[in-house]
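# Just a sequence and a predicted model for now, questions to come.
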Amino acid sequence: MSTINIKEPSVVIREKRLGTINAFTGTASEIVSRSAKGELKDCKRKFSQCLGCNQQQAFCQLAMIRDAVVINHAPIGCAGEFADFNFTYRVEQSRRQLPPQLGRYYSTNISEKDTVFGAAKKLEETIRLAYEREHPNAIFITTSCASGIIGEDIEAVADAAAEELGIPVVTCNCEGFRSKIWTTGFDAAYHSVLRGIVQPSEEKSNKINIINFWGSHVFDDVIRRFGYEPRYVIPFSTVEELRHISDAVATIHICPSLSTYMGAGLSQLHGVPEVLVPPAYGVAGTDRWLRALGTILGKEDVAEEIIKEGHEKYVPEIDKLKERFKGKRAYVTAGAAHGQALITLLSELGMDVVGAAVVFVSLYVTLIVTFESGMRNLHWPGLPESGVKDSPASVTHVTVSTL
Ligand code: SF4
């Protein structure tokens with residue numbers, strides 16, 4: 001994983017940062033060995049993109065910050081996701097007993113004429129209008145293919161507006177054509193938050209960052225059991241809360257496909273350690289995850305207590321299920337990190353996992369396949385030795401597709 005450089009306005013795309021590919025057909029051992037040698041790469045072909053645009057993924061994080069405005073510097077067609085995310089924003093507000101509020105999303109509505117004569121003035125006007133209407137505590141400007149192609153100095157517009165308004169005005173360079181890997185958009189949003197909002201902390205708090213979408217607060221009990229408070233970011237955070245996420249004692253990922261960039265950024269820039277084992281799926285996976293968290297917190301004894309209690313409570317029930325699943329065949333199709341964790345979970349339940357189709361594979365998640373499935377004896381810096389075994393592959397074929 002490359003160094004996070006917040007002096008650069010644009011995030012490094014996942015193809016370069018993680019060696020992510022979105023098309024591979026072959027055996028599991030092949031993808032693992034080629035990944036270990038750094039030989040995984042997509043075939044040369046004309047640009048193709050599907051599933052989602054980087055801009056939408058950036059938007060899904062920035063649009064849920066409770067007191068920020070997002071301005072999409074783009075033709076109006078790129079704003080198609082505004083309604084979707086506003087719906088999610090409203091539904092999840094009520095689930096969290098937050099006061100109802102519409103999403104504060106604006107488009108500069110770049111026209112054909114603007115692409116010839118320039119759209120910077122429109123952006124300046126939109127920033128002022130949004131500020132007057134909303135009085136936000138930060139403004140994010142998401143870019144688009146059109147604003148990227150005309151190549152105006154959006155950074156200069158943002159800097160001038162920040163000085164005029166006295167709040168952070170931060171660009172988020174997430175043009176759809178920047179990357180074939182749509183999750184680069186998540187990284188673009190985190191890059192903006194890291195460079196424009198997060199401040200260094202003088203003291204550690206008792207908080208653990210959980211980088212999340214807008215799902216349930218499933219980690220509350222376990223985090224409190226360790227004696228810490230959970231802090232879910234980015235959706236439903238305020239700008240002020242985001243300013244202080246550098247004071248956490250650890251970072252947890254709900255989904256590594258989402259949040260490796262934020263975890264790495266907080267670790268590299270602010271020394272916040274992250275739990276870097278695969279998600280807590282299955283008995284062995286959950287034990288390993290709890291031990292990793294316990295080690296970071298210096299509370300290995302608490303981790304062992306939780307594991308013991310969990311085994312007593314759940315393993316007898318799981319054993320009964322194993323009888324029913326024995327001999328059943330399974331094929332997994334899911335997002336990258338969860339798909340690969342599911343392979344392990346199904347194997348643990350006694351199923352015969354005959355294959356998997358996951359959305360994309362990057363160096364990080366490929367290592368998770370290896371780690372979980374024990375497919376080959378792979379050694380890689382940072383990979384926990386304890387999980388690496390030289391055992392036969394339980395998964396024999398991997399298809400990575402753009403779906
Ligand atoms: S930024 Fe580009 S890929 Fe994304 S919605 Fe707009 S035109 Fe489409």
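Thanks, I have the structure now.
# Which positions in the protein make contact with the ligand?
By the rule Cβ under 6 Å from any ligand atom, the part of the chain lying against the ligand is 53, 55, 74, 78, 144-145, 175-176. Glycine gets a C-beta too; all of them are placed from N, C-alpha and C.
# could you redo the last one with a cut-off of 5 Å?
Neighbours of the ligand within the chain, by Cβ under 5 Å from any ligand atom: 53, 55, 78, 144-145, 176.
# Just the ones of the residues you listed in helices?
Among those, DSSP state H puts 55, 145 in helices.
# Most neighbours among the residues of the chain next to the ligand, which one?
Each of these was scored by neighbour count (other Cβ atoms under 10 Å); the top score is that of Gln55, with 29 neighbours.
# Help me confirm that it comes into contact with Thr143.
Yes. Between Gln55 and Thr143 there is a contact at 7.3 Å, judged by Cβ atoms under 8 Å.
# tally of neighbours for the nearest residue to Lys122 once chain neighbours are set aside?
Setting aside the residues directly before and after it, Lys122 is nearest to Thr108 in space (Cβ to Cβ, 6 or more residues apart in numbering), at 4.7 Å. Neighbour count of Thr108, defined by other Cβ under 10 Å: 26.
# what sits against Thr108?
Contact partners of Thr108, counting by Cβ atoms under 8 Å, 6 or more residues apart in numbering, are 71-74, 119, 122-123, 126, 147.
# what about 7 Å?
Contact analysis of Thr108 by Cβ atoms under 7 Å, 6 or more residues apart in numbering lists 71, 73-74, 119, 122-123, 126.
# What is the nearest of those residues to the ligand?
Using Cβ to the nearest ligand atom, Ala74 is the member of the contacts of Thr108 that lies nearest the ligand, at 5.5 Å.
# Backbone dihedrals for that closest one, both of them.
Note on Ala74: its backbone torsions stand at phi -170, psi 170 [degrees, to the nearest 10].
# What sits closest to the residue in the stretch 101-250 of the chain that the ligand sits nearest to if chain neighbours are left out?
The nearest approach of the stretch 101-250 of the chain to the ligand comes at Gly176, 2.3 Å away (Cβ to the nearest ligand atom). Nearest in space to Gly176, with sequence neighbours left out and distances taken as Cβ to Cβ, 6+ apart, is Cys53 at 3.9 Å.
# what about that neighbour, distance to Phe59?
From Cys53 over to Phe59 the distance is 9 Å, taken as Cβ to Cβ, to the nearest Å.
# give me the element the most centrally placed residue in the chain is part of.
Taking Cα atoms, centre = their mean, the centroid of the chain lies closest to Leu258, which sits 1.5 Å from it. Using DSSP states H and E, Leu258 falls within helix 256-270.
# who touches that helix?
1, 3-4, 6, 183, 186-187, 190-191, 194, 200-201, 209, 211, 213, 245-246, 251, 253, 272-274, 335-337, 364-365.
# Sort out which of the residues you listed are buried, if you could.
Among the contacts of helix 256-270, those classed as buried by 16 or more other Cβ atoms under 10 Å are 1, 4, 6, 183, 186-187, 190-191, 194, 201, 209, 211, 213, 245-246, 251, 253, 272-274, 335-337, 364-365.
# Next up, the contacts around the residue of the stretch 101-250 of the chain closest to the ligand.
49, 53-55, 144-145.
# Just the closest of those residues to Val354, please.
Val354 lies nearest to Gln49 out of the contacts of Gly176, by Cβ to Cβ, at 29.8 Å.
# Domain map for this structure?
The chain breaks down by automatic domain parsing into domains covering 49-179, 207-270.
# right, so those domains: which one is the most enclosed?
Most buried of the domains of the chain by mean neighbour count (mean count of other Cβ atoms under 10 Å) is domain 207-270; its value is a mean of 20.
# Next, the distance between the ends of that one.
14 Å (Cα to Cα, to the nearest Å).
# Check stretch 93-113 too.
End-to-end distance of stretch 93-113 (Cα to Cα): 39 Å.
# and it, how far from the chain's centre?
Relative to the centre of its chain, stretch 93-113 is centred 21 Å away, using Cα atoms, centre = their mean, to the nearest Å.
# Quick one: mean pLDDT over it.
The average pLDDT within stretch 93-113 is 95.
# which is the next helix or strand following the helix or strand harbouring Ile149?
Assigned by DSSP H and E, Ile149 falls within helix 145-150. Remark: after helix 145-150, the chain's next helix or strand is helix 154-165, criterion DSSP H and E.
# model confidence over that following helix, on average?
Mean predicted confidence for helix 154-165 is 98.
# same for that helix, what does it pack against?
Secondary-structure packing of helix 154-165 (3 or more Cβ pairs under 7 Å, 6 or more residues apart in numbering; DSSP states H and E): helix 120-134, strand 169-172.
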